[in-house]
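Chemist: sequence plus predicted model, see below.
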Amino acid sequence: MRPVFVALDTANPTRLNQLVGQLGDPQEVYLKLGMEIFYGLGAEPVRELSQKGYKIFLDLKLHDIPNTVYNAAKQIAKLGIDYTTVHALGGSKMIEAAKAGLIEGNPAGHNLPKLLAVTELTSISDQVLAEEQNCRLPMKEQVVSLAKTAKAAGADGVICSPLEVQALRAKVGEDFLYVTPGIRPKTSASDDQSRIATPSQAKEFGSSALVVGRPITLASDPQAAYEAIKKEFN
Ligand SMILES: O=C(O)c1cc(=O)[nH]c(=O)n1[C@@H]1O[C@H](COP(=O)(O)O)[C@@H](O)[C@H]1O
């Protein structure tokens, strides 16, 4: 089964526990904990959920000078997590520093966390890429270029839209993870996402894993929504 990470974007501990409780056996559930939880509740929920056996993707999207990122990644690894993120736009030296920090901080006996590099956020449209970021490449080529840099610098995969995965598999390779947010089942609103796809489109395009937040967390029955998305993707 390919993973579906549930993005638990809340700083309310009661809501967090309620959502987690609805998802099933910790050994089989993949959670994405992001900035809202970490800035609001600190590192404790990360340690607690990891100790309970959940697979943890701690998404803090590091983007700073290499020395700062090295030290931050070292602290992140100490939490005993499984996946974490940096922005690919931080450059190859920064990505190498993140990898080195994860290796240095990883507790003995724990699998090394996988390092994922965010390419272009799925909220960025073709128009914003061209007009605000002044990028001369079309979106797919820009994402492929960032993914090549990330791979050469030691990342284990990238975060991208499902819409780019076919091009990435062809040009960056099969031996790399393509983790895709921007997932919207047919009946869901697109919210602030721009480059979206349904779970079955993501499957067809070859996503390695999905990241899904509001279509699950704001559903009237989050457990049913989670099960339906897992089924559609696998
Ligand atoms: O790194 C991420 O996880 C991420 C990258 C990206 O390009 N787009 C993106 O939406 N995300 C995250 O994926 C989740 C998507 O949430 P929903 O739009 O509610 O499904 C959020 O937690 C975002 O922080």
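Modeler: Okay, I see it.
Chemist: next up, the contacts around whatever residue of the chain ends up closest to the ligand.
Modeler: Distances between the chain and the ligand by Cβ to the nearest ligand atom are smallest at residue 213, namely 2.6 Å. In short, each C-beta sits where N, CA and C put it, glycine included. If you count contacts by Cβ atoms under 8 Å, 6 or more residues apart in numbering, residue 213 has them with 6-9, 32, 181.
Chemist: out of these, which are inside strands?
Modeler: If you go by DSSP state E, the contacts of residue 213 have 6-7, 32 in strands.
Chemist: low pLDDT regions in the protein?
Modeler: Of all residues in the chain, none has pLDDT under 70.
Chemist: what residues does it have near the ligand?
Modeler: Residues of the chain lying near the ligand by Cβ under 6 Å from any ligand atom: 7, 9, 34, 59, 85, 118, 121-122, 159, 181-182, 191, 193, 211-215.
Chemist: buried ones only from those, please, as a PyMOL command.
Modeler: Of the residues of the chain next to the ligand, the buried ones can be selected in PyMOL as follows, counting by 16 or more other Cβ atoms under 10 Å:
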select buried, resi 7+9+34+59+85+118+121+122+159+181+182+193+211+212+213+214+215
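Chemist: thinking again about what came up before, check the contacts of residue 213 and tell me the two furthest apart.
Modeler: Put simply, by Cβ to Cβ the two of those set farthest apart are 8 and 181, 13.4 Å from each other.
Chemist: buried stuff in stretch 27-35?
Modeler: Buried, per 16+ other Cβ under 10 Å, within stretch 27-35: 29-34.
Chemist: what ranges does the chain have for its helices?
Modeler: 13-21, 35-41, 44-51, 66-78, 92-105, 126-131, 139-152, 165-171, 199-205, 214-217, 222-233 (DSSP state H).
Chemist: among the ones you listed, which is nearest residue 2?
Modeler: Closest to residue 2 of the helices of the chain, according to Cβ to Cβ: helix 222-233, at 6.4 Å.
Chemist: run the angle between that closest one and helix 13-21 for me.
Modeler: In terms of direction (axes from the mean of the first three to the mean of the last three Cα atoms, to 10 degrees), helix 222-233 departs from helix 13-21 by 40 degrees.
Chemist: going forward, begin numbering at 54 instead of 1
Modeler: Shifting the count to begin at 54 puts that one at helix 275-286.
Chemist: list the neighbours of helix 275-286 that are in contact with it.
Modeler: 54-55, 57, 59, 72, 75-77, 236, 238, 251-253, 255-256, 260, 263, 265, 268-269, 272.
Chemist: buried residues, it. List them.
Modeler: Applying 16+ other Cβ under 10 Å to helix 275-286 flags 275, 278-279, 281-283, 285-286 as buried.
Chemist: mind naming the longest strand for this protein?
Modeler: Max-length strand for the chain by DSSP E is strand 108-115.
Chemist: sorry, back to before: turn the buried residues of helix 275-286 into CSV, columns for distance to residue 229.
Modeler: Shown next, in CSV, are the buried residues of helix 275-286 (distance: Cβ to Cβ, whole Å):
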residue, distance to residue 229
275, 31
278, 29
279, 26
281, 28
282, 23
283, 23
285, 24
286, 19
